[in-house]
Each structure stands twice: as C-alpha cells, then as structure tokens.
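Chemist: The sequence and its predicted three-dimensional model are supplied below.
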2 protein chains.
Amino acid sequence: MSCLVETFKGITASMDVKNYMVQMGQRARTASRAMAAADTCSKNSALQATGEALDSARNDVLEANARDLESADSSGLEAALLDRLELTPARFDAMLAGLREVAALADPVGAISDLNYRPSGIQVGTMRVPLGVIGIIYESRPNVTVEAASLCLKSGNAAILRGGSEAIHTNGAIARCLARGLQRAGLPETAVQVVDTTDRAAVGELITLSEFVDVIVPRGGKSLIERISKDARVPVIKHLDGICHVYIDDSADAEKAHRVAYNSKTQRYGTCNTMETLLIAQSRVAEILPPLAEDYRVAGVELRGCEQARALVADMLPAEESDWEAEYLAPILAVKVVTGLDQAIEHINRYSSLHTDSIVTEDYSAARRFLREVDSSSVMVNASTRFADGFEYGLGAEIGISTDKLHARGPVGLEGLTTRKYVVLGDGHIRE
Amino acid sequence: MSCLVETFKGITASMDVKNYMVQMGQRARTASRAMAAADTCSKNSALQATGEALDSARNDVLEANARDLESADSSGLEAALLDRLELTPARFDAMLAGLREVAALADPVGAISDLNYRPSGIQVGTMRVPLGVIGIIYESRPNVTVEAASLCLKSGNAAILRGGSEAIHTNGAIARCLARGLQRAGLPETAVQVVDTTDRAAVGELITLSEFVDVIVPRGGKSLIERISKDARVPVIKHLDGICHVYIDDSADAEKAHRVAYNSKTQRYGTCNTMETLLIAQSRVAEILPPLAEDYRVAGVELRGCEQARALVADMLPAEESDWEAEYLAPILAVKVVTGLDQAIEHINRYSSLHTDSIVTEDYSAARRFLREVDSSSVMVNASTRFADGFEYGLGAEIGISTDKLHARGPVGLEGLTTRKYVVLGDGHIRE
C-alpha cells in the first residue's frame, strides 16, 4: 500500500483534482462489489488485522501526528482544534478498542426478512444490502478515520474518506494500516481510500460524483454540513443542529422533572442532544422552577426566560425570539412557561430541530399524544434527552445522528449504512 | 372548496408564482401536523367521502375532462397523450375502486417496533410516522391525481399535486371532490392541494421548497425525472430506467428458462420491468436459444445479438454496444451469450439500471450468489421480471418504483411514504 499511496501522490501532482477523484471513485465502485459479497469472517479479519497493523505502526502514526501538530501549531490553529487533532496514547488505544467493538457487532448484510408466499406462488422478501460507496467528509480528528472506515467496512461498503487537511500525515499513516488489514483478509485495499490531497476542490468533486458515490456523510460543524448539502449531487445523510426540549407537564412528578431537566442540560454542554429550551406548564412552574433554577445557578448555567419565568427567579435574563431558535452548546438555557400540552407541542414543532424532545408526565394520554405528535427523530417520556445516542440505543456504534427524515432518522449505526432490496423466489413462475 | 380554489386563482393572477407556491407550502406544512395525528378511521372516512363526492360530481368531472381534451386536441397533442388524458367512464369507475382499495389497506402510521429495554433501564423502539409533505409531479393523467392523493392521505401526509397542464380543468374538478372528502371527515382541506396554474415555474418552486416539502415523487418519462432530480433541493424518490435482465444459467431447466424468458419480454413491452437483455450460458445456448427465438419471431420481437447468438438464429441483427444500455420499451430484445455466472453478474452490474434482474437455474449455489451479488432493487430466481410490482409484492398499491438506493428501493407503497422515529420510555431516567 505504501507504494499505492505514493502512486496516488504522483497522480495528484500530475493531473487535476477532478481526474484524481474520478479515478478514486472508479476504484471504490469496483471494490464495493467485492465488499458486498464479502463474508462476515473476512470483514472481521480485516478489522482485526487493521488493529494489529496500527499497533505495530504505532510509532509511525504518532510521529506523523506530531508532524501534523507542529505545522498546525505554527500556522496558528486554535487550541480546541489542536486538541482534537492530537492522537494521545490513550486515544490511540481507544481507537484500537473501537475496531474490536465493531468486529464484535452483528453483520447486518444479507439478512432476509419477511420472505412470504404470494397468491401467484412466488416468494417475496427483502435482503439487507450495503449502500455501495460512502463518502465521509470530516474535520481534523484522526480517530474518525478509523471509526468511519471500520463502520463502512463492516457494513460491506467501500469508503472514500476526506479528513481535515491538518491531519493529512496522520491520516496517511492510518490509511496504510487499513490497506494492510484489508489485504491480509483478502479484501481489496481500495475498499477504503483516504483522499491524499489538501486541495479543497477534492470535496467539491467528491460530493458530485453521483456515478461512483452512493451517499455522503459529513461530520462536523453546521456550516460545513450546510455547505456540503447545498452543493451535493449525491444524497447526504446529515445532522444539522440539535435544539432539544424538555417539557414539564401539568401532571409531572416533581422529583423526576427536576432530575430529567437538570441532567438534560448539565450532563454535557457541547453535545447535540443537550436540552437548549425548557418548557414548563404554568400550573407547576411556581413549584418546580425555583429549586431547579437554584441548581442551574450553582452549576453555572445562565437562564434566559419569558416574563412568567422571570417573575419567579431573581436575575433571570429576558429571552428574545432568537433564544427559542438557539443551539447554545454552552451553559445557557432558555426557559418558557406554557399553558399546557397543546402549547408545548406547538412550540416544539415550530422551534425544534427535529432532533430530540422529551416530556415529563405521569399522564397516560399526555404521554401518548406527545409521542405521536412531536415530529422529532427521538421523542421521549420521562427520560433525559442525553440518551439520544447510538450506544445508548443499542446500535453498538454510530456514524452520526441524522436530522433528515428520509432513509435514516436519529442515531445512524451499521443498519443506516445499508438498504434493502427485494428478493423473489419462484419455480419458473410467469405473470399471466 | 370551490371558493377556496377561486381564491387561489385570484392569488395566482395577482402575485408571482414563488409566493403562490410558498403559501401553498405553508398551508401543507400546517395541514401535515393534523394529518400525522389523524386516526385511521378519519383517514378512511375521508377516502370514502371523496369517493362519494366524485361519484356525485361525475358529470362535472367528465365535462371538465371533455374541455381539457378539446383544447389539447386543438393544440395538436399526440394521440397517445390524448388517450392518457381521457377519463372514460370505465377509468372513472377504476378510480373509485382504487379509493376503496386504499381505504382497505392497513394503516402503517404509529406502529411501534422492537420496543426493548436497554441496560440503562430505558425502553427504546421505533415508531412509523409520515414523511410530512409530499410533492408529486406527473403528466396529464387525471387518475394519478386521485391515486397519489389517496396514498398520501392514507399514509398521514399532506400532498401538493402538480399534474400536466393539459389536465388542469379535470384536476381542478377532482381537487374539489378531494377537499369535500377531507372536510366531511373533519380533516384539513389543505391536506391535498392541486397546483392551479399552468405556469411551469411552479415546478421549479415546488422542488426547491425545502422548508415546506419533505420529498418529491416525480412520475413520468425519464427526461422529466432527470430534469427534476438535477434541479431539486428537496430529496427525490425517483425511478429512472428499467434495463432488466434474465440470465439462463448452465444448470437451468430448459422449460422454465423458455417460459420465464418469453414472459419477461412479451407479457407487456412498455413497462419498466420488461426484460431488455437476455443472457444465456454458452453451454446451453444451442439447445435453448433457437426454439425461444422462434417464439419471439412469431410474437414479432426483433432480436439483436452477439456473434455467438447470431450463429444460431437466422436473421438476428448484430447488437452494438448501445444495445446493452438500451431500455427499448418495445418488441426488441438484446441477446448475449456469456461464459457463465461470473460473466453474467459482471454484465448485469455494469449495464443494469439496478431495477430487476432474474436468474434461471437449478443450481443452489448459483442462485445464492446471484441473489447476493446482483445489485438491483429486485433480484429473482426462476421468476419473470414482470413480477416486480407493488401489487404482486403485496404492498397493496404503489406510488412508483424506486431505482434509488436510499430510503425506498423497488416498488414504493404506503410504507415508502413513511419513516421511523425513535421512541424512548423512561421513569425519570438520567444519563450518568
């Protein structure tokens, strides 16, 4: 593979990015056929062999990472991004553990469901199959290279990975290990290809290669994802923002309400499934809000509320219209008093990003209506929004959380990287 | 509704198409909330009441259709299109029967699957929910107005229908009956809106209304669908071409091979699931091809073959490269002799439109490999490609056949117009 990587570099230097990406797409399409037919054992062997290759090449990978860190530092990359770029020994080990976990997941490919006889005599069912070629576009986080590659590989897809340019050397070193792993398992090395040019035009080419790429999964900030979605000619599984709500209903248990609302906001501030707006039924606000606000104050959460909420909590800032639409990703919370369930559902369906919304209630009918009428990818009763996560849902691993409606909604695991085709079995049956 | 339609007309005359479509989109989005929450009984009542309204307005609808036919005829529309535009009494009755059939289908909305306990104590499952607002763009076939509206309605979606401009009066008359049906069932009239302007710019607006429209389903010729897919900013469930294959394997039963290959081509010529290329293993071609070719000759099917096939059948025309990529939709068939299964799969994965491909074989392993390795929306063993159809598959009705991979693949019925969201039930559970 190291020589293959060199060839790619040669190609990049001598031909334009468009041809480079088209050739990569062609190789991926060819490899995807072999990957779709690969048995579970070969795919697991490849994951295992990649882990071994990474372990032996640990020093090379960490040296490449040190080089990337050095040039990123000297070009003034900000501290938070430098931190994400860094592969510490602990992160390296976590990367290897992740490979083992994906190998241990059940293989979704080839499973046939609902194979039933029809009146005509044919049997009709569906078989779960890979999507084909998946393009992943992400920021300078080298561990994503291994994670995304392993999920694509296990789900029988070929992958084209385009990480942030600051990680180019680290990703190159990791790519060599992936190629070695695939090769040892008898699978095509080109099943996982890492874009080996920092030319930003490569992204533009990748997202329009509709002949060779079946789906794009962008991972990163909202502006990256919006830009990609706008220009893509290939379908995109995307995650925009997470404006999540907790609604404390008239009939909520006060203790559960306190616990769920506190955890949904404070368990982590920077995640997409963190609550950004708290809605409280007016019949309960005087009882529930003041002690909750006190706990938020101690935790350092800034509250911005409607007039009714502010009347109950000293120093609460006034919320403006923009607060209902804000994904703070920070210790800030918008608080609104509503008349009851109807107004809560209306507010959520208007302002939510269709990500995750939770009701706290002991009322059977209120729970039933909330589950049916709130149009978000995860709807919850008496549970923290922080549970919206592939691991918590039992998917084993996730490539992202989709706020789209088509194909994959909510946390996307191995199944989200597959689709289904119809299987028809007959015995010489013809249509009359 | 008649007054609502008049209002729309007033709007069209006095404001630009963009505003007209945005307002239609806003009304559809609002209506979609009520439709998502509507119970099965209300939706079935609306379908029934629409049927009754159509039956009482039969004369109005047929008169509107006569007007459309007259102006289409005088503007020189070709005979085949005039035929599709015409609502004969028999077609009118079929339209009413279709409504009853959709009412009789099971309601997919709200079904919760796989609700399981997780180690954290929460229960996680998925609920089937409507997509939201569906835009349907189709040609001048008034029966599609009723069919598409009924499928969207039953699956809990709001619909915006844009039929061919030649059918504008017929579709207007049908729209009034749909509105009456919805109204009688207590559902919002705006759940089904028919675009009431022949301005082609309306299509351009509809396919870019990503704030209000969740998916576009175009129905019509390949050029219409390609144009829409190219310009759409809303996801499109699309059906491009149907280049379907039958492969007669070394171990095929000769009688089944003859029957399946003959039926796949001749049962109907103009449908997307008709075979366009026949592949035959060279070990069997001398035995199987000549009598089959004779039957095709009698049926009037023109054969275009490779050299090996031509050597066995007098007067067979030579096939060119373009024949392997052709969707004839006509009594023409391309014939190619292959060395065996590998070459057949290779040919199909290269030239097939990912629609429907069938193998005729008695060999267990060949059947198993064909099912797994052929990457089409329907893969078959010993069955005619003509079975690839929503009714034959037991979906009850179909809004189209998708050659996409994401979301819906193959025949798309009510389920294809829905998606799934996660449902989480807890008892005050928080994430530690």
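Modeler: Received, thanks. Numbering: from 1, shown residues only, chains lettered A, B, ... in the order given.

Chemist: Flag every residue of the stretch 251-400 of chain A that's near chain B.
Modeler: Proximity of the stretch 251-400 of chain A to chain B is confined to A:253, A:255-256, A:259-260, A:262-264, A:267, A:349, A:358, A:360, A:369, A:371-373, A:375-384, A:386-388, A:392-394 under the rule CB under 8 Å from any CB of the partner chain. Using the backbone N, CA and C atoms, a C-beta is placed for each residue, glycine as well.

Chemist: Restricted to helices, list these.
Modeler: Per DSSP state H, helices hold the following members of those: A:255-256, A:259-260, A:262-264, A:349, A:369, A:371-373.

Chemist: want to try CSV for these, with pLDDT and neighbour count as columns?
Modeler: CSV is the format used below for those (pLDDT from 0 to 100; neighbours: other CB atoms under 10 Å in any protein chain shown):
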residue, pLDDT, neighbour count
A:E255, 98, 10
A:K256, 98, 20
A:R259, 98, 18
A:V260, 98, 29
A:Y262, 98, 21
A:N263, 98, 23
A:S264, 98, 28
A:N349, 93, 18
A:R369, 96, 17
A:L371, 97, 20
A:R372, 95, 18
A:E373, 95, 19
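
Chemist: Show me which pair in these is furthest apart.
Modeler: A:E255 and A:N349 (28.2 Å; CB to CB).

Chemist: so where's chain A shaky on pLDDT?
Modeler: Scanning chain A for pLDDT under 70 picks out the ranges A:1-15.

Chemist: For A:G110, which residues are in contact?
Modeler: A:127-129, B:372 (CB atoms under 8 Å, 6 or more residues apart in numbering or on different chains).

Chemist: hmm, 7 Å instead?
Modeler: For A:G110, the contacting residues are A:127-128, B:372, by CB atoms under 7 Å, 6 or more residues apart in numbering or on different chains.

Chemist: of all those, which comes closest to B:C41?
Modeler: When the contacts of A:G110 are compared for distance to B:C41 (CB to CB), A:R128 wins out at 34.5 Å.

Chemist: residues in contact with A:V102?
Modeler: Listed by CB under 7 Å, 6+ apart, the contact partners of A:V102 are A:47, A:150-151, A:154, A:397.

Chemist: Which of those fall in helices?
Modeler: Those of those lying in helices (DSSP H): A:47, A:150-151, A:154.

Chemist: Point out the other helices and strands that the host helix or strand of A:R420 packs with.
Modeler: Using DSSP states H and E, the element containing A:R420 is strand A:418-429. Using 3 or more CB pairs under 7 Å, 6 or more residues apart in numbering or on different chains; DSSP states H and E, the elements in contact with strand A:418-429 are strand A:123-130, helix B:254-266, strand B:378-383.

Chemist: rerun at 10 Å
Modeler: Contacts defined by 3 or more CB pairs under 10 Å, 6 or more residues apart in numbering or on different chains; DSSP states H and E place strand A:418-429 against strand A:112-117, strand A:123-130, helix B:254-266, strand B:356-360, helix B:364-373, strand B:378-383, strand B:410-412.

Chemist: just checking, what packs against the third one?
Modeler: Using 3+ CB pairs under 10 Å, 6+ apart as the contact definition, the elements that helix B:254-266 packs against are strand A:418-429, strand B:244-248, strand B:275-281, helix B:282-299, strand B:332-338, strand B:356-360, strand B:378-383.

Chemist: So which of those is nearest B:L414?
Modeler: The closest of the helices and strands packed on helix B:254-266 to B:L414 is strand A:418-429. By CB to CB, the value is 16.0 Å.

Chemist: Neighbouring strands - and their directions - for that closest one?
Modeler: If you go by DSSP bridges, strand A:418-429 pairs up with strand A:123-130 (antiparallel), strand B:378-383 (parallel).

Chemist: Could you single out the most deeply buried of those strands?
Modeler: strand B:378-383 (a mean of 28; mean count of other CB atoms under 10 Å in any protein chain shown).

Chemist: After it, which helix or strand is next? Please name it.
Modeler: Next in sequence after strand B:378-383, counting helices and strands by DSSP H and E, comes strand B:400-402.

Chemist: Have a look at chain A and report its longest helix.
Modeler: If you go by DSSP H, chain A has its longest helix at helix A:17-37.

Chemist: Just confirm yes or no for that helix near chain B.
Modeler: Yes. Residues of helix A:17-37 contacting chain B under CB under 10 Å from any CB of the partner chain: A:29, A:32-34, A:36-37.

Chemist: Could you list the alpha-carbon positions for that helix in PDB?
Modeler: Extracted in PDB, the C-alpha atoms of helix A:17-37 (Å, rounded to 0.1, in the frame of the first residue of the first chain):
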ATOM      1  CA  VAL A  17      -8.200  17.000  -8.900                       C
ATOM      2  CA  LYS A  18     -11.200  16.100 -10.900                       C
ATOM      3  CA  ASN A  19      -9.500  13.200 -12.600                       C
ATOM      4  CA  TYR A  20      -7.900  12.200  -9.300                       C
ATOM      5  CA  MET A  21     -11.300  11.900  -7.700                       C
ATOM      6  CA  VAL A  22     -13.000  10.200 -10.600                       C
ATOM      7  CA  GLN A  23     -10.300   7.500 -10.600                       C
ATOM      8  CA  MET A  24     -10.700   7.100  -6.800                       C
ATOM      9  CA  GLY A  25     -14.500   6.800  -7.400                       C
ATOM     10  CA  GLN A  26     -14.000   4.100 -10.100                       C
ATOM     11  CA  ARG A  27     -11.700   2.100  -7.800                       C
ATOM     12  CA  ALA A  28     -14.200   2.400  -5.000                       C
ATOM     13  CA  ARG A  29     -17.100   1.300  -7.100                       C
ATOM     14  CA  THR A  30     -15.100  -1.800  -8.200                       C
ATOM     15  CA  ALA A  31     -14.100  -2.500  -4.600                       C
ATOM     16  CA  SER A  32     -17.700  -2.100  -3.400                       C
ATOM     17  CA  ARG A  33     -18.700  -5.200  -5.500                       C
ATOM     18  CA  ALA A  34     -16.200  -7.400  -3.700                       C
ATOM     19  CA  MET A  35     -17.100  -5.800  -0.300                       C
ATOM     20  CA  ALA A  36     -20.800  -6.500  -0.800                       C
ATOM     21  CA  ALA A  37     -20.100 -10.200  -1.500                       C
END
